[in-house]
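K.L.:
All I have is the shape, not the residue letters:
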């Protein structure tokens, strides 16, 4: 469904991705792992058209999205939960959720306001509150709910649980496990290897903007030396 083929991305004259290759199949959960500064967020930004690639190809459902602006990538069915959540602080929870709501792909049983509030009941009691006064965990739930309201074919989460309290992190992981059970394709970045190995079908580790390892959770857990080398674990 998603394929990056030899993608190279620059920030000005500084190159961040050096022939990045990555695939996500329909209904698959894939992690993107690596130390800070290795190109994980740049990969996400290249997919979304935030940092357009200079060479290579990015295909989504057979369409070359390499040069598309972000809003057109989103309309094709890619939903992003960005690092730092980036909710609209001056809008209410309700307004954040309905601002970009759509079902362009005509999905059965689409995500609606009521369904998101059932999924994250904490948001239902904060519906009229400004997003700026929510806790970090509530903002993350809001960011996920906002992305789901676009009914994406692929959901991307950049630092899914960063900076959240343990109980909130557990709830986020539980919600992602449910999304996986529904067949939602997910590309996820996070530092919690333990939870990632429980939820993901496949893992991709990058070092200095290039893939250095890919495999299953069983293969990942069986190679502690590799975990130390590339993740510092």
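P.N.:
Noted; the coordinates are in hand. Keep in mind that this is a model prediction, so the values were computed, not measured.

K.L.:
For burial, what's the neighbour tally of the closest residue to residue 132 other than its chain neighbours?
P.N.:
In this structure, residue 132 finds its nearest non-sequential neighbour in residue 89, 3.8 Å apart by Cβ to Cβ, 6 or more residues apart in numbering. Every residue, glycine included, has its C-beta placed from N, CA and C. Neighbours of residue 89 under the rule other Cβ atoms under 10 Å: 12.

K.L.:
just residue 91 next, same as before
P.N.:
There are 15 residues near residue 91, going by other Cβ under 10 Å.

K.L.:
thought it was touching residue 98?
P.N.:
No: contact criterion Cβ atoms under 8 Å: residue 91 and residue 98 do not qualify, at 9.5 Å.

K.L.:
any weak-confidence spans in this protein?
P.N.:
Where the chain drops to pLDDT under 70, the residues are 233.

K.L.:
cutoff 90 now
P.N.:
Scanning the chain for pLDDT under 90 picks out the ranges 100, 104-109, 224-228, 231-233.

K.L.:
returning to what we had before: quick one: what helix or strand has the residue nearest to residue 132 in it?
P.N.:
According to DSSP states H and E, residue 89 maps onto no helix or strand at all.

K.L.:
Phi and psi next, for it.
P.N.:
Dihedral pair for residue 89: phi -70, psi -30, per degrees, to the nearest 10.

K.L.:
That one contacts residue 139, doesn't it?
P.N.:
No: using Cβ under 8 Å, residue 89 is not in contact with residue 139; the gap is 9.2 Å.

K.L.:
list the residues that contact both of these two?
P.N.:
Listed as contacting both residue 89 and residue 139 by Cβ atoms under 8 Å, 6 or more residues apart in numbering are residue 131.

K.L.:
Leaving out chain neighbours, which residue sits closest to residue 160?
P.N.:
Closest to residue 160 by Cβ to Cβ, 6+ apart is residue 190, at 4.6 Å.

K.L.:
what about the one you found, distance to residue 157?
P.N.:
7 Å (Cβ to Cβ, to the nearest Å).

K.L.:
Show me which of those two is the more surrounded one.
P.N.:
When neighbours are counted by other Cβ under 10 Å, residue 190 and residue 157 differ, and residue 157 comes out ahead with 26 against 23.

K.L.:
what's next to whichever strand or helix holds the more buried one, contact-wise?
P.N.:
Per DSSP H and E, residue 157 falls inside strand 154-158. Contacts with strand 154-158, where a contact means Cβ under 8 Å, 6+ apart, come from 1-2, 24, 40-41, 44, 47-48, 60, 77-83, 144, 147-148, 176, 179, 184-190.

K.L.:
quick one: contacts for the spatially closest residue to residue 8 that is not a sequence neighbour?
P.N.:
Of all residues not flanking residue 8 in the chain, residue 55 sits nearest, at 4.6 Å (Cβ to Cβ, 6+ apart). By Cβ under 8 Å, 6+ apart, the contact list for residue 55 reads 6, 7, 8.
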